[in-house]
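> What follows is a predicted structure for the sequence shown.
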Amino acid sequence: MQPAKTPAEALIEAAKKGDVEKTRKLLDGGANPDGEPGSKDWTPLCAASYRGHSKTAALLLAYGADPNLRDRKGNRATPLWWAVSSGNDSLIRTLLKEGADPEKGNMNDMLPLSVAVAAGRLNIVQALIEHSAATGGQGANINAADKAGMTALMRAAIKNDTCIMQLLIDNGADVFQKNIHGLTALDIAVERNSEKAVGFLLSDKKRAADLLKETDKHGDTALVRAILKRNLNMVSLLLGAGADTEITNSNGRTALHWAAVTGQTDIAEILLDYNASLTHQENDGNTPLHFAGRSANEKMIETLLCWDAATLAKENSSLRLTNNEGLTAKDMARRNGNGHKAVKLFTEWEAGENSLRREFAVARLQQKQSQQEQQRQKMRQFLRRPSP
C-alpha cells in the first residue's frame, strides 16, 4: 500500500493534470501554491505550464504562486520557459502580465525567446519581443546567449527559419555575435547545411562581405566549414557571394589546402575557378599539392598539376616547391606506403610537362585571339548599325 500523498504532492499532480477544481480545493485547504519549500520536485506552476494548462496556472497565480520560481528537478526552468515550450499563447501572456521575467532561463541559461525560436513559434517570438518593447526593453534580450554562446538568431539559422531570422534582425539581433567556438550565425548555418538561412544572411551584400571574413577560434572561415562538410552547393553559394579563398587559419592553411587534405577534387576545381592559389605554403611549407601527394590522391594530384600547367610558368610551379623539411610533393608521395601509383604519376608528368605546358600556352593564346575577334565583331556590328 502506497503512502498517502502530501498536500504539496497532490497539488503538483492536480496541476499536471490541469484539474482546476482539485487544485482550488487543495489551495483552499492550505496547500502552498509554490509547493513544499526545499522539495526537489516540480513547482505546481511549472507543472501546469509544462502541460500548457492555462486555467490551472491562472488559478495558482491568483493564489500567490511565484511566476519566476524555477522547477527544482532536471531543467531548473521557470514557468514562462515551460509555457513557451508547451506553445500556449494565452498562458504565456498571462505569465508575462503577472510578472514573469523573460530574462530567466534554464540551467543552461537558454532563455524563453530561444526556446520559441528553436520550436519555430513565430507568434510567440513576436509576443516576447512586443513585451520587451512595451516594458521599455525590460524583456526578451535579443542577443542573450546561453552557456554555449548560442543566441536566438543562431537557433533560427539552424532551423532554416528566415522569417524568424528577419524578425530578430529587425529588432536588433547581432549577426556578428559568436558562440564559445567563435562561430557566427552564418558559420552555424553552414555547419548545419541550412542553405536557405545562408542565402538569407548573404542576401545583403555589405553584410555578406563582412560575414565572409569572420573566422572561428582556429581562424577558419565559413567557406572552410562548407568544405569540411563536403557541401559542394554551399561552397558555390559562398564563393558566388564573394568568399575569399586566400584567408589563412592559425596553421596557415587556405581553402584549397583543406580541399586537398579532404580529397575533394570537385571542390578544388571550383576554388581554382575562383583563382585559389596553388603555391601558397602553410606554416610547415606545404602547398595543396604536398597534401595531395601525402595522401597519394591521384585524381587530386592530376587536377592540381593540370591547373598548375595551365596557369603558372614552369619556374613558378608548385611541383618544385619544397616544404620546411625540404620535401617536394613527389617526396611526400614516396613517404606514403601506398603511394607507388602517385609517384609514377609525378614521374610521368615531369617527363611530359614541357609539351603539356606548350599545349596549354597555345590554348590560352587561341582563347585570347577568339575573345579579341569577338570584340572586333561586336565593334563592326556597332559601327554598321542603321543611323537613327
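Thanks, I have the structure now.
> so how far is Val198 from the residue most central in space within the chain?
Residue closest to the average C-alpha location in the chain (CA atoms, centre = their mean): Ile188, at 1.0 Å. If you measure Ile188 against Val198 using CB to CB, to the nearest Å, the figure is 10 Å. The way it works is simple: take the backbone N, C-alpha and C, and place the C-beta from them, glycine included.
> Ok, Phe346 next?
Distance, Phe346 to Val198, using CB to CB: 38 Å.
> And for Ala222?
Taking CB to CB, one finds Ala222 at 8 Å from Val198.
> what's the overlap in contacts for the two?
186, 190, 238 (CB atoms under 8 Å, 6 or more residues apart in numbering).
> can you put these in TSV and add neighbour count?
TSV is the format used below for the shared contacts of Ala222 and Val198 (neighbours: other CB atoms under 10 Å):
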residue	neighbour count
Leu186	27
Val190	30
Leu238	28
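> Give me the contact list for the helix or strand where Leu289 lies.
Using DSSP states H and E, the element containing Leu289 is helix 288-294. Here helix 288-294 makes contact (CB under 8 Å, 6+ apart) with 254, 256-257, 259-261, 268, 278, 280, 286, 300-301, 304-305, 308, 318-319, 321, 323, 327-333, 335-336, 339, 342, 346.
> Kindly report the same for stretch 104-119.
The contact list for stretch 104-119, computed with CB under 8 Å, 6+ apart, reads 68, 70, 75-78, 80-81, 83-85, 87, 102-103, 124-125, 128-129, 140-142, 144-148, 150-152, 155-156, 158-159, 161, 164, 168.
> can we see that at 6 Å?
Under the criterion CB atoms under 6 Å, 6 or more residues apart in numbering, residues 68, 75-78, 80-81, 84-85, 102, 124-125, 128, 140, 144, 146-147, 152, 155-156, 164 lie in contact with stretch 104-119.
> pLDDT weak spots in the protein?
Scanning the chain for pLDDT under 70 picks out the ranges 1-4, 38, 74, 136-140, 360-388.
> secondary structure class for Arg76?
Here Arg76 is recorded as coil under DSSP: H, G, I helix; E, B strand; the rest coil.
> Count the neighbours of the nearest residue in space to it that is not next to it in sequence for me.
Nearest non-adjacent residue to Arg76, counting by CB to CB, 6 or more residues apart in numbering: Met107, 4.2 Å away. By other CB atoms under 10 Å, the residues close to Met107 number 13.
> Next: Ala134.
By other CB under 10 Å, neighbour count at Ala134 equals 11.
> Next, the distance between the ends of stretch 43-62.
End-to-end distance of stretch 43-62 (CA to CA, to the nearest Å): 15 Å.
> can you check stretch 235-255 too?
Its first and final residues considered, stretch 235-255 spans 10 Å by CA to CA.
> Off-centre distance for that stretch?
Mean-position distance between stretch 235-255 and its chain equals 16 Å (CA atoms, centre = their mean, to the nearest Å).
> With stretch 20-33 instead?
Worked out by CA atoms, centre = their mean, stretch 20-33 lies 48 Å from the chain centre.
> Could you do stretch 39-56 as well?
Offset of stretch 39-56 from its chain centre (CA atoms, centre = their mean): 34 Å.
> Okay, buried residues for it please.
39, 42-54, 56 (16 or more other CB atoms under 10 Å).
> biggest separation within those residues, which pair?
Ser39 and Ser54 (23.9 Å; CB to CB).
> follow-up on the earlier one: higher neighbour count, Phe346 and Val198?
Val198 (29 against 24).
> how close does the more buried one get to Gly240?
From Val198 to Gly240 the distance is 11 Å (CB to CB).
> follow-up on the earlier one: what separation is there between the residue nearest to Arg76 and Glu36?
Plainly put, Met107 is 21 Å away from Glu36 if you go by CB to CB.
> for His257, same thing?
Counting by CB to CB - His257 and Glu36 are separated by 61 Å.
> Neighbour count: those two, which is higher?
Ranked by neighbour count (other CB under 10 Å), His257 and Glu36 place His257 first, with 26 against 17.
> mind listing what that one touches?
Applying CB under 6 Å, 6+ apart, the residues contacting His257 are 282, 288.
> so after the helix or strand harbouring it, what's the next helix or strand?
Secondary structure from DSSP H and E places His257 in helix 255-261. Next in sequence after helix 255-261, counting helices and strands by DSSP H and E, comes helix 265-273.
> about what we covered before: would you mind checking the contacts of helix 288-294 for buried ones?
254, 256-257, 259-261, 268, 278, 280, 286, 300-301, 304-305, 308, 318-319, 321, 323, 327-333, 339, 342, 346.
> Looking at those residues, which are in helices?
256-257, 259-261, 268, 300-301, 304-305, 308, 329-333, 342, 346 (DSSP state H).
> Looks like Pro79 contacts Arg51 (just checking).
No. The criterion here is CB atoms under 6 Å, and Pro79 misses it with Arg51 at 11.4 Å.
> Can you give me the distance of the closest residue to Leu183 other than its chain neighbours to Ser86?
In space, and not counting its chain neighbours, Leu183 is closest to Asp216: 5.5 Å by CB to CB, 6+ apart. Distance of Asp216 to Ser86, given as CB to CB: 35 Å.
> cool, Ala48 as well?
10 Å.
> swap in Asp41?
Relative to Ser86, Asp41 is positioned 19 Å away (CB to CB).
> what does Gly242 give?
Applying CB to CB to Gly242 and Ser86 gives a distance of 43 Å.
> Ser194 now?
26 Å.
> Name the residue in the two with the higher neighbour count.
Ser194 (23 against 18).
> Cheers, nothing more for now.
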